[in-house]
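Colleague: task: produce atomic coordinates for the following.
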Amino acid sequence: MLRVNIICIGKLKEKYLKDAVSEYSKRLQAFCKFSVIELDEEKTNSDPNAAIISSILDAEGKRILSKIDRSDLVIAMCIEEKQLSSEKLARYISDCTVNGTSTIDVVIGGSWGLSDEVKRRADMRLSMSEMTFPHQLARVMVCEQIYRAFSIIAGTKYHK
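Modeller: Coordinates of the predicted model:
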């Protein structure tokens, strides 16, 4: 069975967001082995300079990459990259599984984004929208879109 990991920086704080991720995690068990891997975010002052931000991205990037196996397919969530419809994401996931992928890692960086090293490792870089969303809400949205993709693949009525 396909394994799907969301590898993310930071922990969810609000109960309603935790509950939403938990609900999608439960639903996804019918389609894949699903897990969320939360990694610590780097601490900094409220107004870091470019060098500090670069250091943060580096440290968080190393932690992210330590959770990714060489054979994993990696989707990096990057605000500056391309967007896909839910149907196209479903097709991409389906094609990956047909081509022998056993693990998909979806990576969500911290509030400063992802390191260049993580972006280079990615097989796909994906943006949810040109709009700005709260960072913690992104995790719920990614879980929902993964669930929607599997629902499309399975032909259920969830996606209309």
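Colleague: can we go C-alpha only for contacts and neighbour counts from here?
Modeller: Fine.
Colleague: max-length helix in this structure?
Modeller: Of all the elements of type helix in the chain, the one with the most residues (DSSP state H) is helix 135-154.
Colleague: packing partners of that helix?
Modeller: For helix 135-154, the elements it packs on are helix 15-28, helix 86-98, judged by 3 or more Cα pairs under 8 Å, 6 or more residues apart in numbering; DSSP states H and E.
Colleague: quick one: residue 79 is in a strand?
Modeller: Yes. Applying DSSP: H, G, I helix; E, B strand; the rest coil, one finds residue 79 inside a strand.
Colleague: per-residue pLDDT of it, please?
Modeller: Per-residue confidence for residue 79 comes out at a pLDDT of 86.
Colleague: can you classify the residue nearest to residue 108 when sequence neighbours are not counted by secondary structure?
Modeller: Setting aside the residues directly before and after it, residue 108 is nearest to residue 8 in space (Cα to Cα, 6 or more residues apart in numbering), at 4.6 Å. Put simply, residue 8 is strand when judged by three-state DSSP.
Colleague: okay, now residue 8: neighbour count?
Modeller: Under the neighbour criterion other Cα atoms under 10 Å, residue 8 is assigned a count of 24.
Colleague: right, and it touches residue 107 too?
Modeller: Yes. Under the contact definition of Cα atoms under 8 Å, residue 8 touches residue 107, with a separation of 5.8 Å.
Colleague: on that earlier part again, which residues does the residue nearest to residue 108 contact?
Modeller: For residue 8, the contacting residues are 36, 37, 38, 39, 64, 107, 108, 109, 110, 139, taking Cα atoms under 8 Å, 6 or more residues apart in numbering as the criterion.
Colleague: any idea how far the second one lies from residue 5?
Modeller: To tie it back to what came earlier, the one meant is residue 37. Relative to residue 5, residue 37 is positioned 7 Å away (criterion: Cα to Cα, to the nearest Å).
Colleague: the more surrounded of those two?
Modeller: residue 5 (20 against 15).
Colleague: wait, doesn't residue 83 sit right on residue 126?
Modeller: Yes. Contact status for residue 83 versus residue 126: in contact at 5.8 Å, counting by Cα under 8 Å.
Colleague: who has more neighbours out of these two?
Modeller: Taking residue 83 and residue 126 together and counting by other Cα under 10 Å, residue 126 has the greater number of neighbours (20 against 17).
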